[in-house]
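Asks: take a look and give me a structure for this.
(2 chains)
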2 protein chains.
Amino acid sequence: MFTDEYFMKMALQEAQNAFDEDEIPVGCVIVSNDRIIAKAHNLTETLNDVTAHAEMQAITSAANFLGGKYLINCTLYVTLEPCVMCCGALNWAQISKVVIGARDEKRGFISKNLTLHPKTEIVTGILENECGEIVKEFFKNKR
Amino acid sequence: MFTDEYFMKMALQEAQNAFDEDEIPVGCVIVSNDRIIAKAHNLTETLNDVTAHAEMQAITSAANFLGGKYLINCTLYVTLEPCVMCCGALNWAQISKVVIGARDEKRGFISKNLTLHPKTEIVTGILENECGEIVKEFFKNKR
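Replies: From the prediction side, this is the model:
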């Protein structure tokens, strides 16, 4: 039951929440021992704050839940490839695994030749189409 | 009166506050029209939160003060070269100017071949010795 697709669907629901609030639709969950310990969606417009990406909020929330700043044995499921800021934060958090839905060739960390922490396993392409489509749909409506 | 050195001294005072709280001593201020609109120091240990770097807090605080997420006509004075995470956040904020005290060859964004926003002017080396010394002193005490 607790597959990567299962948790990415939860992250997609968060992206949908962002979409419904007229935010760029990116969502994520952080999972520890098959349990969701944090979930968040992009809130940069609502909060007037460039740092309010889904991942940043979820990292803070998960650390708060765990009572420690390192996200050991935690997996982040995020619908869109993290940006430079979120990549840096994930590095500091030494998170164990990052599962990415759609790639972000322009703003994502991979094309900047950045890497995550050596301890961090990366999986890409989980529900890639759904995760990418919701972003495309958002910007199509903006045109 | 309102020189780069003047505002870097304010940032150094924030770094000293961090030092006194047993935090890695990095401080910053954000200035708009010669007025300090945000100041912060590293609080990662106190808050158990890797995202609580001085710059991140100050960006959120300045945007809150301005009522908008872009830090137009704002200058960040920071005692230590920003890391990848903070570089990413400063990019999103499109801040006008970043003034750096000491370099951080290992963790700083410059050696990662990252750049700030094309609109952002960068100045380095302001009170470099004082800004570097406080970090060295902190880690000397930890050994």
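
Asks: is the residue nearest to residue A:67 when sequence neighbours are not counted in a helix, a strand, or coil?
Replies: Leaving aside its sequence neighbours, residue A:67 sits nearest to residue B:48 (Cβ to Cβ, 6 or more residues apart in numbering or on different chains; 6.7 Å). Every residue, glycine included, has its C-beta placed from N, CA and C. Using DSSP: H, G, I helix; E, B strand; the rest coil, the structure places residue B:48 in coil.

Asks: shouldn't residue B:48 be in contact with residue A:70?
Replies: No. Using Cβ atoms under 8 Å, residue B:48 makes no contact with residue A:70, being 9.5 Å away.

Asks: how about the strands in chain A?
Replies: For chain A, applying DSSP state E gives strands covering A:27-32, A:35-41, A:74-80, A:97-102, A:121-124.

Asks: need those in TSV with distance to residue B:97 and mean neighbour count, can you?
Replies: Listed next are the strands of chain A as TSV, based on distance: least, Cβ to Cβ, whole Å; neighbours: other Cβ atoms under 10 Å in any protein chain shown:
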stretch	distance to residue B:97	mean neighbour count
strand A:27-32	32	26
strand A:35-41	31	20
strand A:74-80	30	28
strand A:97-102	33	24
strand A:121-124	35	13
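
Asks: mean pLDDT and distance to residue A:21 for the ones you listed - can I get that in JSON lines?
Replies: Converted to JSON lines, the strands of chain A look like this (pLDDT from 0 to 100; distance: least, Cβ to Cβ, whole Å):
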{"stretch": "strand A:27-32", "mean pLDDT": "98", "distance to residue A:21": "11"}
{"stretch": "strand A:35-41", "mean pLDDT": "98", "distance to residue A:21": "8"}
{"stretch": "strand A:74-80", "mean pLDDT": "98", "distance to residue A:21": "15"}
{"stretch": "strand A:97-102", "mean pLDDT": "98", "distance to residue A:21": "19"}
{"stretch": "strand A:121-124", "mean pLDDT": "97", "distance to residue A:21": "27"}
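
Asks: will you turn these into CSV that also has distance to residue A:17?
Replies: Formatted as CSV, these follow (distance: least, Cβ to Cβ, whole Å):
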stretch, distance to residue A:17
strand A:27-32, 7
strand A:35-41, 5
strand A:74-80, 11
strand A:97-102, 15
strand A:121-124, 23
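
Asks: related to what we said a few turns ago, so what sits against both of residue B:48 and residue A:70?
Replies: residue A:63 (Cβ atoms under 8 Å, 6 or more residues apart in numbering or on different chains).
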